[in-house]
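Asker: Sequence and predicted structure below; questions after.
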Amino acid sequence: MHIQPLRHSPSVSPQKNVSTAEFAQVNNAVQTSAPTSTDTVTLSRDAKQLAANAQKPAEMPALRDNIETLVELKHAKMKYQVIADMTNIATGTSQGISAPTAYYLSHNEDARAITVNHIAQQQQVNTMQIYAETSKNINEWA
């Protein structure tokens, strides 16, 4: 891609220095100018009633119900996550635990003790399987 230079450069005119008197004259004209016409608006009875109703606070029960539903949904989701993590730990397919599970285990001594014992047993089983596999390979070579 080739960019060609601009052939027709725009002409630049030098700036005119404005005296403080001219600046003050323009500034005063801008500040003191008033609208030349005034408009009158007439509101209907319905418009006044709508404006009065718009200023009333909104009803909160619907919002409160939605918040309670959202809280219940979040609670169920966290409970499901804890159950899923604990199931993965029990089956030995766990790749880690989520924040809700860590919170649950940090506040439940019995669950934490059972989880730690089960993970230790899983590690022992894995170690024994690796030992058996390695021993089998060594015996085949001998």
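Answerer: Alright, I've got the coordinates. Numbering: from 1, shown residues only.
Asker: Output the lowest mean pLDDT helix or strand found in this structure.
Answerer: Taking mean pLDDT, DSSP states H and E as the measure, the helix or strand of the chain with the lowest value is helix 20-32, at a mean of 56.
Asker: list the buried ones in the helix or strand following that one?
Answerer: Once helix 20-32 ends, the next helix or strand along the chain (criterion: DSSP states H and E) is helix 45-54. By 16 or more other C-beta atoms under 10 Å, helix 45-54 has no buried positions at all. Using the backbone N, CA and C atoms, a C-beta is placed for each residue, glycine as well.
Asker: Give me the residues contacting helix 45-54.
Answerer: When contacts are taken as C-beta atoms under 8 Å, 6 or more residues apart in numbering, the neighbours of helix 45-54 outside the stretch itself are residue 43.
Asker: So residue 86 versus residue 94, what's the distance?
Answerer: 9 Å (C-beta to C-beta, to the nearest Å).
Asker: ok, which stretches of the protein are strands?
Answerer: Taking DSSP state E, the chain contains no strands at all.
Asker: Go through it and flag its longest helix.
Answerer: When every helix of the chain is counted residue by residue (DSSP state H), the longest turns out to be helix 109-141.
Asker: For that one, name the packing helices and strands.
Answerer: On a contact count with 3 or more C-beta pairs under 8 Å, 6 or more residues apart in numbering; DSSP states H and E, helix 109-141 meets helix 61-91, helix 99-106.
Asker: from those, which stretch is densest packed?
Answerer: helix 99-106 (a mean of 16; mean count of other C-beta atoms under 10 Å).
Asker: which other residues reach it?
Answerer: So helix 99-106 is in contact with 78, 79, 81, 82, 85, 86, 97, 111, 112, 115, going by C-beta under 8 Å, 6+ apart.
Asker: about what we covered before: if you average pLDDT over each of the helices and strands packed on helix 109-141, which is lowest?
Answerer: Between the helices and strands packed on helix 109-141, the one with the least mean pLDDT is helix 61-91; it has a mean of 87.
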